[in-house]
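> Just the structure for this:
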Amino acid sequence: MFLVIGLIAAAALAIGLFTQVGTKASGGSRPQVGDPAPTFSLPRLGGGAAVGVPTNGGGNGHPAVLLFFASWCGPCQAEIPALGAAYRRQSTAGRTPPVALIGVDGSDPTRNALAFVHRSGVSFPVGADSAFSVTQGLFFFTGLPEAVMVRADGTIAGITYGAITPAQLSSWDRRLIPSGT
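You can find the predicted model right below:
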């Protein structure tokens with residue numbers, strides 16, 4: 001009798017666990033190209049204004065590239081310094097780049113994340129996603145690095161799984177800026 005009850009309880013637990021894999025409590029699904037980008041606000045590494053995606057587009061109504069990374073991620077350690085340097089070149093003479101670059105550091109203790117972004121020469125804003133609430137909860141990313149390209153109207157123009165190069169970033173910048181601007 002106890003064996004039967006145990007097996008029924010184990011089966012119910014397994015069904016409950018496996019039917020929740022890849023789903024959000026709200027019943028949402030993985031964002032796709034053309035969908036509105038999930039809006040979020042995270043505490044900024046090092047303090048200051050929050051970092052995120054407002055409802056009016058990636059960078060307050062401007063197109064944006066969201067970079068999801070972490071200091072413990074090997075491919076991120078190669079990707080982020082190169083992208084940080086590319087962003088600094090675009091930001092010369094105090095000019096704001098036409099496409100916002102927004103970092104989301106996943107599941108790092110703050111001191112590790114800060115050390116990584118400083119060591120990598122990052123000057124773009126980075127939000128601390130210590131509980132993966134944005135990385136996994138809103139975007140369903142289970143690996144890092146990832147990138148999401150957001151149009152000025154807040155819709156997703158592209159999603160890249162894995163590292164991107166400065167050349168790919170530049171290509172997305174050109175695609176996200178409306179012609180004639």
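> For stretch 126-146, buried residues please.
126-129, 132, 134-141, 144-146 (16 or more other C-beta atoms under 10 Å). The C-beta positions use only the backbone N, C-alpha and C, and glycine is treated the same way.
> Could you export it as PDB, CA atoms only?
C-alpha atoms of stretch 126-146 as PDB (Å, rounded to 0.1, in the frame of the first residue of the first chain):
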ATOM      1  CA  VAL A 126      25.000  47.300 -17.000                       C
ATOM      2  CA  GLY A 127      22.100  46.000 -14.800                       C
ATOM      3  CA  ALA A 128      22.600  43.400 -12.100                       C
ATOM      4  CA  ASP A 129      20.300  40.400 -12.700                       C
ATOM      5  CA  SER A 130      21.500  38.500  -9.600                       C
ATOM      6  CA  ALA A 131      18.500  36.100  -9.600                       C
ATOM      7  CA  PHE A 132      18.300  35.600 -13.400                       C
ATOM      8  CA  SER A 133      14.800  37.100 -13.200                       C
ATOM      9  CA  VAL A 134      15.300  38.900 -16.500                       C
ATOM     10  CA  THR A 135      17.800  36.600 -18.200                       C
ATOM     11  CA  GLN A 136      15.800  33.400 -17.600                       C
ATOM     12  CA  GLY A 137      12.500  34.700 -16.300                       C
ATOM     13  CA  LEU A 138      11.600  37.100 -19.100                       C
ATOM     14  CA  PHE A 139      13.900  36.000 -22.000                       C
ATOM     15  CA  PHE A 140      14.200  32.300 -21.200                       C
ATOM     16  CA  PHE A 141      18.000  32.300 -21.800                       C
ATOM     17  CA  THR A 142      19.700  29.400 -20.200                       C
ATOM     18  CA  GLY A 143      23.100  29.900 -21.700                       C
ATOM     19  CA  LEU A 144      25.300  33.000 -21.900                       C
ATOM     20  CA  PRO A 145      26.200  35.100 -23.800                       C
ATOM     21  CA  GLU A 146      23.100  36.200 -25.700                       C
END
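> At which residues are the strands of this structure located?
For the chain, the strands defined by DSSP state E cover 40-42, 51-53, 64-69, 100-106, 126-129, 146-150, 156-161.
> And the pLDDT for residue 174?
The model reports residue 174 with a pLDDT of 89.
> How many neighbouring residues does it have?
The number of residues packed near residue 174 is 10, by other C-beta atoms under 10 Å.
> Go ahead and name everything in contact with stretch 171-178.
Applying C-beta atoms under 8 Å, 6 or more residues apart in numbering, the contact partners of stretch 171-178 are 63-65, 90, 97-99, 149-152, 157-158, 164.
> Just give me the neighbour total for the closest residue to residue 78 other than its chain neighbours.
Once flanking residues are discounted, residue 78 sits nearest to residue 163: 6.6 Å by C-beta to C-beta, 6 or more residues apart in numbering. For residue 163, the count of nearby residues is 22 (other C-beta under 10 Å).
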